[in-house]
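In: dropping a prediction and its sequence here:
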Amino acid sequence: MFYKSTRSTENQGITASMAIKQGLSNDGGLFMPNEIPTLTKDEILSLTDKGYAERAAYVLSKFLNDYTYEELLEDCQNAYCEASFPGGAAPIRKINGDIYSLELWHGPTCAFKDMALQIMPRLLSRALVKNGEKRTALILVATSGDTGKAALEGYKDIDGIKIAVYYPQNGVSRVQKLQMATQTGSNVSVYAIKGNFDDAQTGVKKIFSDADMKKQLDENGVFLSSANSINWGRLAPQIAYYVSAYCDLINNGTIAYGEKIDVCVPTGNFGNIFAAYIAKLMGLPIEKFICASNKNNVLTDFLSSGTYDRNRTFHATISPSMDILISSNLERLLYLTCGAEKTAEYMRQMNENGKYTLSDTDFAKIKAEFEGFYTDENDTKKAIQTVFDEYGYLMDTHTAVGYNALMQYKTKRTTVLASTASPYKFACDVFEAIAGKPAKDELSALEELSEMTKTEIPTPLCNIGERAVRFSAEIEKDDMKASVIEFSRS
Ligand SMILES: *Cc1c(COP(=O)(O)O)cnc(C)c1O
């Protein structure tokens, strides 16, 4: 197996570890394996009596074939250990009827990004060794909140890697700011930018393309790398939890092997739902993929019309991690549907006009697998309230968007709903949805929610206001470059 760009028609490629080290292909495309490995009935059944780390290592070993199974198992055991994921990494919980919540938020930052960002830094660290890289990788992240914290937790104290995170001074919530400012680890640095998220992102992009900077860093024995969600090292670990959920549904007697399930995913960049689709291509019995969006419903329109059009108003919603108008990982689905040549052409149109329209045959293939629905703010809150009142299950705002899509789809099969964040991560909005009145403030919302619902605040969010602040630097956006140079020397 080798990895090649979604835009390249060449019949050769690079190893898995190189793809992880490099992140994005030079032609702008995303890396994909040249074949999709299979999971047989016997293999799936043999995973039913394994723990999460073993299931994940087994699935990863199918894709990362220049890593040994022992290496992957060691990394998975460390990534998904009890200390990081108390009570298990990706448990399923019945909500009601045929709907099961796949809880992906038991990790250190209480959102599903931990499932990939706890393991990917370990894969990158090994990739440096495997490819004879002697320099230190410096990960640069511009964040609007969630990704920054998850990346910091994943990369802290990993050999051969440093990480610097930039967030907009006034553009993140108080909880998010505290989460990052109190970050532990000897190889981390966090900066607040006097500007908005775009300023932070533009600053990071400029640094990546600055040749002079590259030279200076090289002299310090450092090269730049990214923790972006288009890296295959973030996508591959997400395939495993769908396999794991299927095993758990067999174990608890809900289904017998071979029975088809539906999967519903609250979607932004199309990474999480695409991972589920790969699981199906490997042989996992899945019928339909329900793609759930908030008011930024560019994917809903795409799945009903065959036209992807990002030229539209951007809405800031209470499910902010899905406030995205360019779903980067959709490119991987196009590649599997119609090949590299047409994908390159669709992406060229996207860059030029911000839109493209699929041919009828390409659209029909995607339509056969995916259904899209979207939910507005009001219905998101209503879903949180109804599901809590009627079934005693507490959902966050993103999961609620998924639940609402399922109500519109009217499923008839056993369904796995990807639950992407702890309700406590968005405590203010969840509290308001259930109580019908606003919380006193952001920090007290955690206690108020706990009190009202008789559920516990997850440990990573407990006493967040009382931890020592390590990073209080507020810098001008023009000083980002200097901060990187300084950090690279430390
Ligand atoms: C990132 C994120 C999503 C969207 O996931 P994609 O892989 O980008 O589709 C959904 N919910 C939460 C809570 C997230 O953090």
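Out: Yep, it's here. Since we're looking at a predicted model, the values are computed, not measured.

In: contact residues of the stretch 201-350 of the chain facing the ligand?
Out: Listed as neighbours of the ligand in the stretch 201-350 of the chain under the rule CB under 6 Å from any ligand atom: 229, 266-272, 321-322. For every residue, glycine as well, the C-beta is placed using N, CA and C.

In: just the ones in strands from those residues, please.
Out: Counted as lying in strands by DSSP state E, out of those, are residue 266.

In: for the residues of the stretch 201-350 of the chain next to the ligand, which one is nearest residue 51?
Out: Closest approach between these and residue 51, by CB to CB: residue 272, at 22.1 Å.

In: now for the closest one, how many residues are close by?
Out: Residue 272 is flanked by 25 other residues according to other CB atoms under 10 Å.

In: for it, give me its contacts.
Out: 112, 238, 265-266, 418, 420 (CB atoms under 8 Å, 6 or more residues apart in numbering).

In: farthest pair in these?
Out: 238 and 266, at 13.6 Å, using CB to CB across the contacts of residue 272.

In: which one of the two is surrounded by more residues?
Out: Taking other CB under 10 Å, residue 238 and residue 266 do not tie; residue 266 has more neighbours (31 against 27).

In: who does that one bridge with?
Out: residue 292 (DSSP bridges).

In: just the pLDDT for it.
Out: Here, the pLDDT recorded for residue 266 equals 98.

In: for it, give me its contacts.
Out: Each residue near residue 266 by CB under 8 Å, 6+ apart is listed here: 272, 292-293, 319, 322, 398-399, 401-402, 405, 418, 420.

In: same thing but at 7 Å, please
Out: Contact analysis of residue 266 by CB atoms under 7 Å, 6 or more residues apart in numbering lists 292, 319, 322, 398-399, 401-402, 418, 420.

In: okay, and which of those map to helices?
Out: By the criterion of DSSP state H, membership of the contacts of residue 266 in helices covers 398-399, 401-402.

In: pull out the buried residues from the helix or strand hosting residue 248.
Out: Element membership of residue 248, judged by DSSP states H and E, is helix 232-251. Buried positions in helix 232-251, judged by neighbour count with 16 or more other CB atoms under 10 Å: 232-250.

In: give me the distance between residue 192 and the ligand.
Out: According to CB to the nearest ligand atom, to the nearest Å, residue 192 stands 21 Å off from the ligand.

In: now the strands for the stretch 251-400 of the chain?
Out: 261-266, 286-293, 307-309, 355-357, 370-374 (DSSP state E, counting those that start in this stretch).

In: and the first one, how far out from the chain's middle?
Out: The reference is to strand 261-266. 15 Å (CA atoms, centre = their mean, to the nearest Å).

In: and the angle for that strand with strand 370-374?
Out: Put simply, strand 261-266 runs at 40 degrees to strand 370-374, going by axes from the mean of the first three to the mean of the last three CA atoms, to 10 degrees.

In: okay, the angle between strand 261-266 and strand 286-293?
Out: Angle of strand 261-266 versus strand 286-293, following the same axes, to 10 degrees, is 10 degrees.

In: longest helix anywhere in the chain?
Out: Using DSSP H, we find that the single longest helix of the chain is helix 330-353.

In: now that helix: buried residues?
Out: 330-338, 340, 342-344, 346-347, 350.

In: biggest separation within those, which pair?
Out: So, these by CB to CB: farthest apart are 336 and 350, at 17.3 Å.

In: that older thread, can you redo the ones in helices among the contacts of residue 266 as JSON lines with neighbour count and pLDDT?
Out: Output for these, formatted as JSON lines (neighbours: other CB atoms under 10 Å; pLDDT from 0 to 100):
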{"residue": "398", "neighbour count": "31", "pLDDT": "97"}
{"residue": "399", "neighbour count": "35", "pLDDT": "98"}
{"residue": "401", "neighbour count": "30", "pLDDT": "98"}
{"residue": "402", "neighbour count": "29", "pLDDT": "98"}
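
In: just give me the closest of those to residue 426.
Out: Looking across those and measuring by CB to CB, the closest to residue 426 is residue 398, at 7.8 Å.

In: how close does the closest one sit to residue 214?
Out: Using CB to CB, to the nearest Å, residue 398 is found at 37 Å from residue 214.

In: give me the neighbour count for the nearest residue to residue 327 once chain neighbours are set aside.
Out: Once flanking residues are discounted, residue 327 sits nearest to residue 270: 4.0 Å by CB to CB, 6 or more residues apart in numbering. Around residue 270 there are 23 other residues, counting by other CB under 10 Å.

In: tell me where the stretch 51-200 of the chain has strands.
Out: So, for the stretch 51-200 of the chain - with DSSP E, counting those that start in this stretch - the strands run 92-96, 99-103, 136-142, 161-168, 188-193.

In: any chance of those strands in JSON lines, with mean pLDDT and mean neighbour count too?
Out: As requested, those are exported to JSON lines (pLDDT from 0 to 100; neighbours: other CB atoms under 10 Å):
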{"stretch": "strand 92-96", "mean pLDDT": "97", "mean neighbour count": "16"}
{"stretch": "strand 99-103", "mean pLDDT": "98", "mean neighbour count": "23"}
{"stretch": "strand 136-142", "mean pLDDT": "93", "mean neighbour count": "22"}
{"stretch": "strand 161-168", "mean pLDDT": "95", "mean neighbour count": "24"}
{"stretch": "strand 188-193", "mean pLDDT": "96", "mean neighbour count": "23"}
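
In: any chance of those strands in CSV with distance to residue 364 as columns?
Out: Output for the strands of the stretch 51-200 of the chain, formatted as CSV (distance: least, CB to CB, whole Å):
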stretch, distance to residue 364
strand 92-96, 32
strand 99-103, 28
strand 136-142, 38
strand 161-168, 42
strand 188-193, 45
